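Student: need coordinates for the below:
(chains A, B, C and D)
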Number of protein chains: 2
Amino acid sequence: MDIFSALSDPTRRHILEQLNRLGPQSIKQLNAGLPITRQALTKHLNRLIKAKLVMAEFSGKEKVHKLNPNALLTVERWIAPFAKQWDKRLQGLQIHMENKDE
Amino acid sequence: MDIFSALSDPTRRHILEQLNRLGPQSIKQLNAGLPITRQALTKHLNRLIKAKLVMAEFSGKEKVHKLNPNALLTVERWIAPFAKQWDKRLQGLQIHMENKDE
DNA sequence: TTGACATGCAACCTTTAGGTTGCTCATGCT
DNA sequence: AGCATGAGCAACCTAAAGGTTGCATGTCAA
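Tutor: As a prediction, the model looks like this:
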């Protein structure tokens, strides 16, 4: 469950956004938009793969990475219980439940 | 926007869950359920406060921390664009769109 | 006012994260 | 075959994360 730490880095989030917008990409392609070395990028990609957020396969010389957005469901599920509460607040309903438990 | 790194630590996520289940808590109270020192916990709480996930105020001697679940909306909003895609896949619709762009 | 209790502040230690450089390997075009 | 290209591997550096111990401070109750 270190999907959360996988998401903690801005570069990795950027990678995910790129894959989401542009579809499957090679390391070289992803590197074009990033001010870091290829090796640093590779490390990020490996962490994303470990977290199951990204899948990769070789197409000849190139290693093509594609998104596995399903993994983000883990995060969604974790957040859900909190969401119930903020919904109430945003709708101003908490005024009526200030002295209740649930 | 380092709310993501705030969420990357299991201890901090545990703290948020505790606050969500039990309501506002002092440092002492939160510490009871954690195998770390009070000072370590305080550092975690400070990071949560910086990330706006938690708010604190003194009640006499005690510093009471309460949840600010609204902050999690940031995460929700970031995930949303991905969610669109995984919904499609989960419903098996991707079979029909394998050679499309959108 | 004295003492217990909840917290703050600071120094320190160890591990990991993110990044770099340098070299090797495999693929594929010519 | 030969060479350019995309990627892997390993060593290394620096800064930050997570934790600890030790001491100081403010609040409340007796």
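
Student: quick one: contacts for A:H14?
Tutor: With contact set as C-beta atoms under 8 Å, 6 or more residues apart in numbering or on different chains, A:H14 has these partners: A:G33, A:L34. For every residue, glycine as well, the C-beta is placed using N, CA and C.

Student: where does chain A have low pLDDT?
Tutor: Low-confidence segments of chain A (pLDDT under 70): A:1, A:87-102.

Student: and it, which of its residues are near DNA strand C?
Tutor: A:5, A:8-9, A:11, A:35-37, A:39-40, A:43-44, A:47, A:60-61 (C-beta under 7 Å from any atom of the strand).

Student: please redo it, this time with the cut-off set to 10 Å
Tutor: Neighbours of DNA strand C within chain A, by C-beta under 10 Å from any atom of the strand: A:2, A:5-12, A:31, A:34-44, A:47, A:50, A:58-62.

Student: element containing A:L73?
Tutor: helix A:72-90 (DSSP states H and E).

Student: equivalent analysis for A:F4, please.
Tutor: helix A:3-7.

Student: mind giving me the packing neighbours of that helix?
Tutor: Secondary-structure packing of helix A:3-7 (3 or more C-beta pairs under 8 Å, 6 or more residues apart in numbering or on different chains; DSSP states H and E): helix A:38-50, helix A:72-90.

Student: now mean neighbour count too, for those helices, in TSV please.
Tutor: Formatted as TSV, those follow (neighbours: other C-beta atoms under 10 Å in any protein chain shown):
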stretch	mean neighbour count
helix A:38-50	15
helix A:72-90	15
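
Student: let's have those helices in TSV, adding distance to A:L19.
Tutor: Below are the helices and strands packed on helix A:3-7 laid out as TSV (distance: least, C-beta to C-beta, whole Å):
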stretch	distance to A:L19
helix A:38-50	9
helix A:72-90	12
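
Student: out of the residues of chain A next to DNA strand C, which touch DNA strand D?
Tutor: Within the set of these, contact with DNA strand D (C-beta under 10 Å from any atom of the strand) is found for A:5, A:8, A:31, A:37-43, A:58-62.

Student: ok now do the nearest residue to A:K52 once chain neighbours are set aside, which residues does it touch?
Tutor: Excluding the flanking residues, the one nearest A:K52 by C-beta to C-beta, 6 or more residues apart in numbering or on different chains is A:A71, at 4.6 Å. Applying C-beta under 8 Å, 6+ apart to A:A71 gives the contacts A:I3, A:A51, A:K52, A:L53.
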